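Participant: Predicted model and sequence below, questions to follow.
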Amino acid sequence: MTNTTKKPGGWSAVRQQLATWDKPELFDLVKDLYEVAADNRDFIHARSKTGEGDGEYLEKYRSKIVDQFFPARGDGKLKLGEARKAIRDYRKATGNLPGTVELLMTYVENGTRFTHEYGDIDERFYDSVESALEELAALLRGEARGLYPQLRDRLDRVEKMTEGIGWGFHDFVADVVAQLEAELGGE
């Protein structure tokens, strides 16, 4: 039998403690978090929308994705978890649905381009790109439905780029793209 009780010191305990703090103490904590890590800085800037606007943050998060596939120097590291984390962090920080859709599309495009240029990768790689495409398709069928026309050509290019790629990748992408077009293409 497993223990299903919550561990002491989880978010509830932290929240209770923070609720007793004054505003200057909370500002100091946020400042410390800001200074300790670049990811924290990006998140705080995106959440507080400081700087030149949402496009600036979208580009920062987009570069985190692209760098996993096609860094400015060297070979792609393919730390796919970091690229997917960038998408989650952006969405959590901004709540910007069009930006989130754009980042998912960026992930799918770069993953597809990577395998197109370098050949077969592995099942984990294809599963990750397929998962991002599924997430994108779900958003396009739901709350981001109005964004489909802007992505139609890009999705078509991705589908064409997958021709000849194994692991069932082309079949999967072609099916998702065809279903989206059948469902949303006439709108």
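Facilitator: Noted; the coordinates are in hand.

Participant: Provide the secondary structure category for Tyr107.
Facilitator: Secondary structure assignment for Tyr107 (DSSP: H, G, I helix; E, B strand; the rest coil): helix.

Participant: ok, it to Gln150 distance?
Facilitator: From Tyr107 over to Gln150 the distance is 16 Å, taken as Cβ to Cβ, to the nearest Å. Yep, even glycine has a C-beta here, placed from its N, CA and C like the rest.

Participant: same check, this time on Gly95
Facilitator: From Gly95 to Gln150 the distance is 19 Å (Cβ to Cβ).

Participant: now swap in Arg113 and tell me
Facilitator: In terms of Cβ to Cβ, Arg113 sits 19 Å off from Gln150.

Participant: Those two: which has the busier surroundings?
Facilitator: Shown here are Arg113 and Gln150; by other Cβ atoms under 10 Å, Arg113 has more neighbours (16 against 13).

Participant: and the helix or strand hosting Lys85, which residues are buried?
Facilitator: For Lys85, the host element (DSSP states H and E) is helix 80-94. Buried residues in helix 80-94, counted by 16 or more other Cβ atoms under 10 Å: Leu80, Ala83, Arg84, Ala86, Ile87, Asp89, Tyr90, Arg91, Ala93, Thr94.

Participant: just checking, what packs against it?
Facilitator: helix 38-48, helix 54-69, helix 97-118, helix 123-141 (3 or more Cβ pairs under 8 Å, 6 or more residues apart in numbering; DSSP states H and E).

Participant: what's the closest of those to Leu184?
Facilitator: helix 123-141 (6.5 Å; Cβ to Cβ).
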